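[1] Would you be able to build a 3D model of this:
(2 chains)
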Number of protein chains: 2
Amino acid sequence: MLNITYLYFGQQKDEYFRKGMDEYIKRIGKYAKFNEKVLKPENLPDNPTQSEINAALEKESRTVLPLMSKSAYKISMCVEGKSMSSEGFAGLFEKVMNEGKSEIVFIVGSSHGLSEKVKKESDLCLSFSPMTFAHGLFSVMLCEQIYRAFTINAGEKYHK
Amino acid sequence: MLNITYLYFGQQKDEYFRKGMDEYIKRIGKYAKFNEKVLKPENLPDNPTQSEINAALEKESRTVLPLMSKSAYKISMCVEGKSMSSEGFAGLFEKVMNEGKSEIVFIVGSSHGLSEKVKKESDLCLSFSPMTFAHGLFSVMLCEQIYRAFTINAGEKYHK
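    Predicted coordinates:
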């Protein structure tokens, strides 16, 4: 069974989004083992300078890099990343499994994104939209697309 | 005060997504009057033919077209539409208001989308993502972006 690892900085604070995530995680359970790991973002002042932001991203990369296992297919979520359709995303899952990999890792950064180091360590920088969505909402969007990918590959009715 | 009219086919069935929508609608209330109108999608058989789908879209267009007021700026949501950043979306709100319009209408179709007629009657076909999202989730995404647009234009902290 495929492992899906979801690494993200910042907690899911809104109860309704937590419930939405949990619903999709439950459904994903039919196809894969879902592991969620919440990481603590670095504290930043109210109006941080670019160098304060860079220092925080650097520290955050030291937290997340050891969790991105070498043998996994690693996807960093970045607004400037590659965009694809839900069918393309589902095809990517197939490709990864055909390569004999047993884990896909998704990495979502803090409100200032991810360091270049983390992006370079990833197999893919993926963008769902040129728009910025609330962190909690984005987690639901990601879990829904992962679930959708499995239903597409299984030829199920969820995705029309 | 600007009017935001949200016309969509199909009910918001999931309680957690309803709560997410309500939260953003409440926040939008600070900047605009939000009107939501739920429209009933046509019934279709389990595996509809293209002509059955077209007939349903045609009937649905007769429901929605009279609700798209001539004086409003009308935005149809279509996966193949124009994509933009959250800042670009916020700029669009400014542009519409500068043109002296007092209403923006958003139209979201049923699971088979919208007819060409509805798209032609719109000022813009807008896409949030090349990916397909669950209908209920998409409503939350739209309300969040509308709220975000107002905070961007007001120079508030929500959007970093």
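[2] in the lengthiest strand in chain A, what counts as buried?
    In chain A, assigned by DSSP state E, the strand with the most residues is strand A:73-82. Applying a neighbour-count criterion of 16 or more other CB atoms under 10 Å in any protein chain shown, one finds A:Tyr73, A:Lys74, A:Ile75, A:Ser76, A:Met77, A:Cys78, A:Gly81 buried in strand A:73-82. Every residue, glycine included, has its C-beta placed from N, CA and C.
[3] Show me what that strand pairs with in its sheet, parallel or antiparallel.
    Paired neighbours of strand A:73-82 in the sheet (DSSP bridges): strand A:103-108 (parallel), strand A:124-126 (parallel).
[4] Please identify the most buried of these.
    Comparing the strands paired with strand A:73-82 by mean neighbour count (mean count of other CB atoms under 10 Å in any protein chain shown), strand A:103-108 ranks first with a mean of 22.
[5] which residues touch A:Ile75?
    A:Ile104, A:Val105, A:Phe106, A:Ile107, A:Ser122, A:Asp123, A:Leu124, A:Cys125, A:Leu126 (CB atoms under 8 Å, 6 or more residues apart in numbering or on different chains).
[6] shaky segments in chain A?
    For chain A, applying pLDDT under 70 flags the ranges A:160.
[7] Up against chain B, what does it have?
    Residues of chain A found near chain B (CB under 8 Å from any CB of the partner chain) are A:14-17, A:19-20, A:23, A:83-86, A:88-89, A:111-112, A:128-134, A:137, A:140-141, A:144-145, A:148, A:159-160.
[8] Residues in contact with stretch A:116-127: which ones?
    By CB under 8 Å, 6+ apart, stretch A:116-127 touches A:58, A:60-61, A:64-65, A:68, A:73-84, A:92, A:107, A:109.
[9] my bad, stretch A:58-73
    A:3, A:5, A:7, A:9, A:37, A:39-42, A:74, A:96, A:99, A:101-105, A:107, A:109-110, A:114-115, A:117-118, A:121-124.
[10] so what's the spatially most central residue of chain A up against?
    Nearest to the geometric centre of chain A sits A:Phe106, at 3.2 Å (CA atoms, centre = their mean). Neighbour list for A:Phe106: A:Ile4, A:Thr5, A:Tyr6, A:Leu7, A:Tyr8, A:Ile75, A:Met77, A:Leu142, A:Ile146 [criterion: CB under 8 Å, 6+ apart].
[11] give me that answer again for 10 Å
    Neighbour list for A:Phe106: A:4-8, A:36, A:73-77, A:122, A:126, A:139, A:142-143, A:145-146 [criterion: CB atoms under 10 Å, 6 or more residues apart in numbering or on different chains].
[12] just A:Gly10 next, same as before
    A:Val38, A:Leu39, A:Lys40, A:Pro41, A:Val108, A:Gly109, A:Ser110, A:Ser111, A:His135, A:Gly136, A:Ser139.
[13] Of the residues you listed, which belong to strands?
    A:Val38, A:Leu39, A:Val108.
[14] element containing the residue nearest to A:Asn153 when sequence neighbours are not counted?
    Among residues not flanking A:Asn153 along the chain, A:Ala90 sits closest, at 5.2 Å (CB to CB, 6 or more residues apart in numbering or on different chains). Take DSSP states H and E as the rule and A:Ala90 turns out to sit in helix A:86-98.
[15] swap in A:Glu23?
    Under the criterion of DSSP H and E, A:Glu23 resides in helix A:15-28.
[16] got the CA positions of that helix in CSV?
    This file holds the C-alpha atoms of helix A:15-28, laid out as CSV (Å, rounded to 0.1, in the frame of the first residue of the first chain):
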residue,chain,number,x,y,z
GLU,A,15,-12.6,23.1,13.3
TYR,A,16,-14.6,23.0,10.1
PHE,A,17,-11.5,22.6,7.9
ARG,A,18,-10.1,20.0,10.3
LYS,A,19,-13.4,18.1,9.8
GLY,A,20,-13.1,18.4,6.0
MET,A,21,-9.5,17.2,6.1
ASP,A,22,-10.5,14.3,8.3
GLU,A,23,-13.3,13.2,5.9
TYR,A,24,-10.9,13.1,2.9
ILE,A,25,-8.1,11.4,5.0
LYS,A,26,-10.7,8.7,6.0
ARG,A,27,-11.6,8.2,2.4
ILE,A,28,-7.9,8.1,1.3
